[in-house]
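# structure here, sequence nowhere to be found:
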């Protein structure tokens, strides 16, 4: 009997679940992430959560999605913005020592994309791109039927491609990158600027620091023209970027996930327009752009499936 | 004895050479491309050139680089801007019938990138990107040790990624894509605008339609400030785009080829600055950005190597 576990490590919560097949998992255990207490405390909390998930059975392999860039081959996390002390942290070794089984680590967005490929919107394809747009923009590349990580393990950063240097920076300081304009954070910034510039918008009723992607979406839905313009602009840039990805990769499917897709056609109508401005006809005709299917479960499905991929079938 | 031939089909000239190893070829035969006379005339000219290259020996396999988007699996060219009548043209079948041996076709920029990978600047790597900047901007992706073509066969269009919609269009009508700004054509357009806008530049001595990437480069070298600004801007955008590719792919090496690289540090100094604006530190530290090594021979080296890859070792 092989017991494999997938873990979704977030900045706020840990979730762990036993894999029950190549793309399914049992009811997850969960616990808060003690991110401020340093790596050892987080590793201990993960081990406890894994043990709860297996009912105390020693697992044979655990795969973990981690919110930061990392090297999946060496198991080393380069940095994790929401976890104190994870710079150049050998997560695989620390977890292996604590849990006592083989460990695979990967970036959380990469595993969410892997989940969409194996069990969601990209199922059955060979070349699949995943893009998740919420406060930031991340993604994953499935190329020739493999999760592509590149030389340093960090590939798939679809949000950090350049637009114009005159455009706002992202949270990581890249002046004029896609995330600075088309993420929830970028949308909120544009809306705040409009308010500060004295434009007529219902958003000016909110305290400035309460304006976020969600409130802009709601105002746009209610017909606020400034909010609509900001949302349309973000959708267009996201679509243009997706058009560029179509030219670069010619994938079969691109799935878009993350909180922003709750805006539906508010986002997707300008997005499709943006794709058409940039994508060549042939690869565009051969590519479907769809909404991601797994929502917030993607991370756990992906980690569980990654455990199966790395350590064999569960039984 | 296996005789394999590589053919570089350009808009102006055909070159054909017998492969003498996995990455070498004999002295090429060449002929003008009768591009205006339709596909049959070009196919006949290719067959004649191949026969000259082999000294009349029947080849066992021929690989051909074609200047347009195509499907290398089905052997069908979607379009070739410099060849009349090549829309949806089944080039592989037509050539197979005329030459009487197995045929492999691929896009010319893809084969040039393949050449740089197998015999040039990317030799020995697993993940390698090739970018060629001259009148247009093209490229190729070598991922996990394979030339990546994607679903429709057209992957690798690194020049057709979006910047800002306010920026100029490329020759294919994509408003604000990289090629519109950072190609030789884009550089020439920016310089002409400066002249038309009455800026003080030595380029205003030239007839407007004589201003091209080369003349802007020469003016910049001579210290013309407008030309320098235009070149610096193009190099910066090219570098920012390369920074985006580093974030997307985390390749080991990115080789930049094409006529623009003759500008040397005029191009590469702002290019490196642009990379630094966008690339994450870890994948940037793991990626070398170098000049391509094979120059105009890349197409023929790539076609010859592609014949070997598809049809076995020459003997």
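The structure has been received and is ready for your questions. The shown structure was predicted, so the numbers you read here are calculated from the model rather than taken from an experiment.

# pull the contacting residues for the residue in the stretch 201-315 of chain A that chain B sits nearest to.
The stretch 201-315 of chain A approaches chain B most closely through residue A:250 (2.8 Å), counting by Cβ to the nearest Cβ. C-betas here are computed from N, CA, C, even on glycine. By Cβ atoms under 8 Å, 6 or more residues apart in numbering or on different chains, residue A:250 lies in contact with A:127, A:283, A:286-287, B:149-155.

# where's it relative to residue B:17, distance?
Between residue A:250 and residue B:17 the distance, using Cβ to Cβ, to the nearest Å, works out to 30 Å.

# same check on residue A:313?
For residue A:313 relative to residue B:17 (Cβ to Cβ), the value is 51 Å.

# neighbour count winner among these two?
Neighbour totals were compared for residue A:313 and residue B:17, and residue B:17 leads with 27 against 10 (other Cβ atoms under 10 Å in any protein chain shown).

# three-state assignment of the more buried one?
When classified by DSSP: H, G, I helix; E, B strand; the rest coil, residue B:17 comes out as strand.

# what average pLDDT does stretch A:12-23 get?
For stretch A:12-23, mean pLDDT rounds to 95.

# got the buried residues for it?
Of all the residues in stretch A:12-23, those buried under the rule 16 or more other Cβ atoms under 10 Å in any protein chain shown are A:14-19, A:23.

# and of those residues, the nearest to chain B?
Comparing the buried residues of stretch A:12-23 against chain B with Cβ to the nearest Cβ places residue A:23 closest, at 22.6 Å.

# enumerate every residue touching that closest one.
Residue A:23 sits next to A:115, A:118-119, A:301, A:304-305 when contact means Cβ under 8 Å, 6+ apart.

# tell me which of those residues fall in helices.
Mapping these onto helices (DSSP state H) picks out A:115, A:118-119, A:301, A:304-305.

# so which of those residues is the most crowded?
Neighbour-wise, these (other Cβ under 10 Å) top out at residue A:304, 35 neighbours.

# can you pull the pLDDT of the residue nearest to that one when sequence neighbours are not counted?
Once flanking residues are discounted, residue A:304 sits nearest to residue A:6: 3.0 Å by Cβ to Cβ, 6 or more residues apart in numbering or on different chains. pLDDT for residue A:6: 98.

# I'd say residue A:6 and residue A:310 touch.
No - using Cβ atoms under 8 Å, residue A:6 makes no contact with residue A:310, being 10.6 Å away.

# what touches both of these two?
Counting by Cβ under 8 Å, 6+ apart, the contacts common to residue A:6 and residue A:310 are residue A:63.

# between the two, tell me which one has more neighbours.
Counted by other Cβ under 10 Å, residue A:6 and residue A:310 do not tie: residue A:6 has more neighbours, with 31 against 16.

# part of a helix, is that one?
No - counting by three-state DSSP, one finds residue A:6 to be strand, located in no helix.

# how about the strands in the stretch 101-250 of chain A?
Ranges of strands within the stretch 101-250 of chain A are A:102-107, A:128-133, A:137-143, A:146-147, based on DSSP state E, counting those that start in this stretch.

# out of the ones you listed, which is the most enclosed?
By mean neighbour count, with neighbours taken as mean count of other Cβ atoms under 10 Å in any protein chain shown, strand A:128-133 ranks first of the strands of the stretch 101-250 of chain A at a mean of 29.

# that one pairs with which strands?
strand A:137-143 (antiparallel), strand A:253-257 (parallel) (DSSP bridges).

# where does residue A:79 sit: helix, strand or coil?
At residue A:79 the chain is in coil, as set by three-state DSSP.

# could you measure from it over to chain B?
8 Å (Cβ to the nearest Cβ, to the nearest Å).

# can you pull the domain assignment for chain A?
Chain A resolves into domains spanning A:4-113+A:296-311, A:121-293 when parsed by automatic domain parsing.

# follow-up on the earlier one: make TSV from the buried residues of stretch A:12-23 and add distance to residue B:183 to it.
Formatted as TSV, these follow (distance: Cβ to Cβ, whole Å):
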residue	distance to residue B:183
A:14	49
A:15	48
A:16	51
A:17	50
A:18	54
A:19	49
A:23	44
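
# remind me, longest helix of chain A?
helix A:225-249.

# centroid-nearest residue for chain A?
Of all residues in chain A, the one closest to the mean position by Cα atoms, centre = their mean is residue A:109, 3.5 Å from it.

# next up, the contacts around that residue.
Contacts of residue A:109 by Cβ under 8 Å, 6+ apart are A:130, A:132, A:138-140, A:156.

# could you rerun that using 7 Å?
Taking Cβ atoms under 7 Å, 6 or more residues apart in numbering or on different chains, we find residue A:109 in contact with A:132, A:138-140, A:156.

# could you do residue A:46 as well?
By Cβ under 7 Å, 6+ apart, the contact set of residue A:46 is A:7, A:9, A:14, A:64, A:95.

# hmm, the last one is touching residue A:45, no?
No - with contacts defined as Cβ atoms under 7 Å, residue A:95 does not count as touching residue A:45, sitting 11.3 Å away.

# of these two, who's got more company?
Neighbours were counted for residue A:95 and for residue A:45 using other Cβ under 10 Å; residue A:95 has more, 25 against 18.

# how about the nearest residue to that one, chain neighbours excluded?
residue A:103 (4.6 Å).

# related to what we said a few turns ago, from chain B, how far out is the residue nearest to the centre of chain A?
The value you get for residue A:109 to chain B, if Cβ to the nearest Cβ is used, is 12 Å.

# please apply the same query to residue A:21.
Relative to chain B, residue A:21 is positioned 27 Å away (Cβ to the nearest Cβ).

# ok, the closest residue to that residue other than its chain neighbours - contacts?
Distances taken as Cβ to Cβ, 6+ apart put residue A:314 closest to residue A:21, at 6.9 Å, once the chain neighbours are dropped. Residues near residue A:314 by Cβ under 7 Å, 6+ apart: A:2-4, A:19-21, A:308.

# make JSON lines out of the residues you listed and add secondary structure.
Shown next, in JSON lines, are those (three-state DSSP):
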{"residue": "A:2", "secondary structure": "coil"}
{"residue": "A:3", "secondary structure": "coil"}
{"residue": "A:4", "secondary structure": "strand"}
{"residue": "A:19", "secondary structure": "strand"}
{"residue": "A:20", "secondary structure": "strand"}
{"residue": "A:21", "secondary structure": "strand"}
{"residue": "A:308", "secondary structure": "helix"}
